[in-house]
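[1] Structure for this input, please:
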Amino acid sequence: MVRGAEAYRRVDTESRSPVELVVMLYDGAIRFVGDASTAAQRNDVRGRTQAVSRALAIVTELQNTLKVDEGGDMARELDRLYSYMATRLLDVNTKKDAGALDEVHRLLTTVRDAWAQIGVPVGARP
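    Numbers count the residues shown, from 1 in each chain. Alright, predicted model coming up:
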């Protein structure tokens, strides 16, 4: 059963557009930031640390896939934003700054929504 679920996820991922894949990455990062927040509220240090690590891995992947030389100002600003989010995520564990989770969640959601709008066909936009 596990193999079937993995195969389904692989086919589902491979059939997505690049923009949809980026939105999926943001969704994952947002979910892990939420998990970290929930763990922090429960004083679950291990759970918080694991969730922050997963969110950080996604933010790092988003940053690593940027083509800063080709993307102009937008790519440079995203690069700076990803660096800032990574720093704030590290603050959650090193400085016990739970407020950083809310900030990163807000930033991720804002950028995710912008990417989602890019992926909406022109005729389907409100």
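[2] Name the SS class of A39, please.
    helix (DSSP: H, G, I helix; E, B strand; the rest coil).
[3] Please point out which parts of stretch 37-56 sit buried.
    S37, A39, A40, R48, A51, V52, R54, A55, L56 (16 or more other C-beta atoms under 10 Å). No exception for glycine: its C-beta is placed from N, CA and C like everyone else's.
[4] residue ranges with poor pLDDT in the chain?
    Filtered on pLDDT under 70, the chain yields the residue ranges 1-15, 120-126.
[5] Quick one: the helices in it, in order.
    2-14, 18-41, 45-64, 68-94, 99-119 (DSSP state H).
[6] Give the other helices and strands that the second one contacts.
    Meaning helix 18-41. Packing partners of helix 18-41 (3 or more C-beta pairs under 8 Å, 6 or more residues apart in numbering; DSSP states H and E): helix 45-64, helix 68-94, helix 99-119.
[7] how much space is there between I58 and V111?
    Distance of I58 to V111, computed by C-beta to C-beta, to the nearest Å: 12 Å.
[8] Same check on R46?
    Distance from R46 to V111, by C-beta to C-beta: 28 Å.
[9] do the same with R48
    Applying C-beta to C-beta to R48 and V111 gives a distance of 23 Å.
[10] Check I118 too.
    I118 is 11 Å from V111, by C-beta to C-beta.
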